[in-house]
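Enquirer: I'd like to go over a predicted model; first the sequence, then the structure.
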Amino acid sequence: MLAAVQKNATRGDPRSVVKAIDQFCRQKEWAMNVGDEKGCILDSVVTEVNPATVLELGTYCGYSTVRIASLLPSNAKLITLEFNPDYAAIARQVIAWAGLEDKVQLVEGASGDWIPKMKEKFGIETFDLVFLDHWKDRYLPDTKLMEECGLLRKGSILLADNVICPGTPDYLEYIRNSPRYKSQYFKSHLEYTKVEDGLEKSVFLG
Ligand SMILES: O=C(NCCO)c1cc(-c2ccc(F)cc2)cc(O)c1O
Ligand SMILES: [Mg+2]
């Protein structure tokens, strides 16, 4: 995938990086990027929220990191957490090829360890937008942890990938029934397939 980016995408052109990855995943080898169909929904939410602070849980190869960062205002900050060092190593190079390293802070490690340190380590008060795309059984515990750590404010937006496939049933049940969130489901498809999947967008009500 990285070779495809370096071969087919233009340095400093995020859209060409996104296009090169999508082309590679359609023609050569499926990979678990959010993809172009769900990616367009992600783009519209980022544009609507126009966030100054973003947390991405699950960088993988940096595809969604590039999509998000390319839409952020110049002073905005995107922190992305990745547990797998091999994924992180690729993502750093993909983000650099897109020319977005100044907007992105990639942190390697477990979300459960890093979320409680966000304020002290990165000077973050609260996140305007959180994109959940990491281990599906971590969506719920990490959301509760963000609440407990005071990282969400009235109006913070959570956008969760894969709520149907692979699925995050405990997270969906919690977020759709909690009086502290207003949720909306965006029906789509699993990246590069016809399988149903979707994004759940939730507003924290405080
Ligand atoms: O595990 C995932 N992400 C965290 C990685 O550290 C993930 C998995 C899949 C997927 C995999 C295998 C399959 F058969 C169907 C879906 C899709 C995704 O979008 C994902 O984000
Ligand atoms: Mg995903």
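Expert: Cool, got the structure. Numbers count the residues shown, from 1 in each chain. Ligands and ions are numbered 1, 2, ... in the order given.

Enquirer: got the contact list for F186?
Expert: 38, 41, 198-201 (Cβ atoms under 8 Å, 6 or more residues apart in numbering). Bear in mind the C-beta positions are built from the backbone N, C-alpha and C, glycine included.

Enquirer: Could you give the number of residues near the nearest residue to it once chain neighbours are set aside?
Expert: Sequence neighbours aside, L199 is the residue nearest to F186 in space, at 4.4 Å (criterion: Cβ to Cβ, 6 or more residues apart in numbering). By the measure other Cβ atoms under 10 Å, the count of residues near L199 is 23.

Enquirer: Confirm L199 sits in a strand?
Expert: Yes - L199: assigned to a strand according to DSSP: H, G, I helix; E, B strand; the rest coil.

Enquirer: Name all residues that make contact with it.
Expert: Contacts of L199 by Cβ under 8 Å, 6+ apart are 38, 41-42, 45, 159-161, 163, 185-186, 188.

Enquirer: Among the residues you listed, the buried ones, what's the ChimeraX command?
Expert: Here is the ChimeraX command that selects the buried residues among those (16 or more other Cβ atoms under 10 Å):
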select :38,41,42,45,159,160,161,163,186,188
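
Enquirer: And stretch 112-123, end to end?
Expert: Using Cα to Cα, to the nearest Å, one end of stretch 112-123 lies 18 Å from the other.

Enquirer: Same question for it: list its buried residues.
Expert: 114-115, 118.

Enquirer: Name the helix or strand for the residue of the chain found nearest ligand 1, please.
Expert: Closest residue of the chain to ligand 1, Cβ to the nearest ligand atom: M32 (3.8 Å). Assessed by DSSP states H and E, M32 sits outside every helix and strand.
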